[in-house]
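Enquirer: Sequence and predicted structure below; questions after.
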Amino acid sequence: MSRPILLAKDVNLAFGGVIAADHINFELNEGERLAVIGQNGAGKTTFINICTGYLKPTSGQIFFNGTDITGKTPRSIVRLGLGRSFQLPQLFVEHTVQECLEIAAAARNGNLSILKSLSASVDRHEIIETMELVGLRDKANEIAGALPEGHKKLLDVAMALMLRPKLIIMDEPTSGVSSEDKHDLMALVMQALEERKVTSWFVEHDVDIVSKYATRVAAWISGKIAADGSPDEVLKNLQVRKEVLGDLTC
Ligand SMILES: Nc1ncnc2c1ncn2[C@@H]1O[C@H](COP(=O)(O)OP(=O)(O)OP(=O)(O)O)[C@@H](O)[C@H]1O
């Protein structure tokens, strides 16, 4: 039986006169793969920032796994098991793929110290297994900053996985990746998340990706959730077709 892993209760946030989160009530259940769609500026990233502690809502509450996380720091929210990957991957660009994962593992274990050798303080099996999971095993010794965009995205997700999250929120995991490579990237990411039993939520503009990989879709319009349901239902919704997907025939 699924239960809410994330719950938002009447969440609001304005930047001056811009209402970026407008009375958002939202529930995400364990095991769901949610795609969030919406035009630029609709408030998708703002809501992610609120849920992950990067922004504090003006009012309202966020619960993760039953714990009120409203206003908690990003670091403490990650420690509770809510991971995140970014539109622009946040990597240790001068380090190798393997070292990036070692740093993430050491940070999780509280072992990040200049006095300790990184590779000595982390579980080597876990690092190798995670690189294999996202298809980066043969890139272990490559410098993160020099990887192609798709591999950077995979590494960002792999680093989030090292923190052993229960939920991972991915802000545009396929942005900057060619349309030919997007499907391979999402297939790898989704398979990895499934294997680790991680609930997921991703922001995506490509309708084919949304239809193929999401079990549920939420459409954001002007800081509000305008439609929420199965991919088929939401992608056929007239307001979504007109205002989110730019379908001029509606
Ligand atoms: N730090 C900020 N200061 C002022 N205004 C902001 C800030 N962050 C976001 N906004 C505004 O809030 C609104 C929602 O922005 P947000 O980035 O959440 O949209 P989005 O749906 O994620 O867009 P995109 O698809 O372009 O990333 C926009 O009008 C944006 O300009």
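Expert: Received it, and whenever you're ready, just let me know what you need.
Enquirer: Give the next helix or strand downstream of the helix or strand bottoming out on mean pLDDT in the chain.
Expert: When the helices and strands of the chain are scored by mean pLDDT, DSSP states H and E, helix 118-121 comes last with a mean of 60. Of the helices and strands lying after helix 118-121 in sequence (DSSP states H and E), the nearest is helix 124-133.
Enquirer: Near A8, how many other residues are there?
Expert: 22 (other Cβ atoms under 10 Å). C-beta coordinates here come from the backbone N, C-alpha and C atoms, glycine included.
Enquirer: in a strand, that's where it is, yeah?
Expert: Yes: assessed by DSSP: H, G, I helix; E, B strand; the rest coil, A8 belongs to a strand.
Enquirer: Tell me if I'm right that it and F64 touch.
Expert: No: counting by Cβ atoms under 8 Å, A8 does not reach F64; the two are 10.1 Å apart.
Enquirer: so what sits against both of those two?
Expert: C51 (Cβ atoms under 8 Å, 6 or more residues apart in numbering).
Enquirer: count of residues packed around E142?
Expert: Residues near E142, counting by other Cβ under 10 Å: 15.
Enquirer: Check the gap between it and K182 for me.
Expert: Separation of E142 from K182 (Cβ to Cβ, to the nearest Å) stands at 21 Å.
Enquirer: repeat for I19
Expert: Relative to K182, and taking Cβ to Cβ, I19 is found at 32 Å.
Enquirer: now do T58
Expert: Using Cβ to Cβ, one obtains 36 Å as the distance from T58 to K182.
Enquirer: more neighbours, these two?
Expert: With other Cβ under 10 Å as the criterion, T58 and K182 differ in neighbour count, and K182 comes out ahead with 19 against 13.
Enquirer: The more buried one belongs to a helix?
Expert: Yes: counting by three-state DSSP, K182 is part of a helix.
Enquirer: And for it, nearest residue in space, chain neighbours not counted?
Expert: T174 (4.3 Å; Cβ to Cβ, 6 or more residues apart in numbering).
Enquirer: looking at it, that neighbour is touching A187, isn't it?
Expert: No: taking Cβ under 8 Å as the definition, T174 is not a contact partner of A187, at 11.2 Å.
Enquirer: Can you tell me the element the residue nearest to K182 falls in?
Expert: Judged by DSSP H and E, T174 forms part of no helix or strand.
Enquirer: Kindly state the pLDDT recorded for it?
Expert: Looking at T174, its pLDDT stands at 91.
Enquirer: Need phi/psi at the residue nearest to H95 when sequence neighbours are not counted.
Expert: Counting by Cβ to Cβ, 6+ apart, H95 lies nearest to A144, which is 5.8 Å off, once chain neighbours are set aside. Backbone torsions of A144, given as degrees, to the nearest 10, read phi -60, psi -40.
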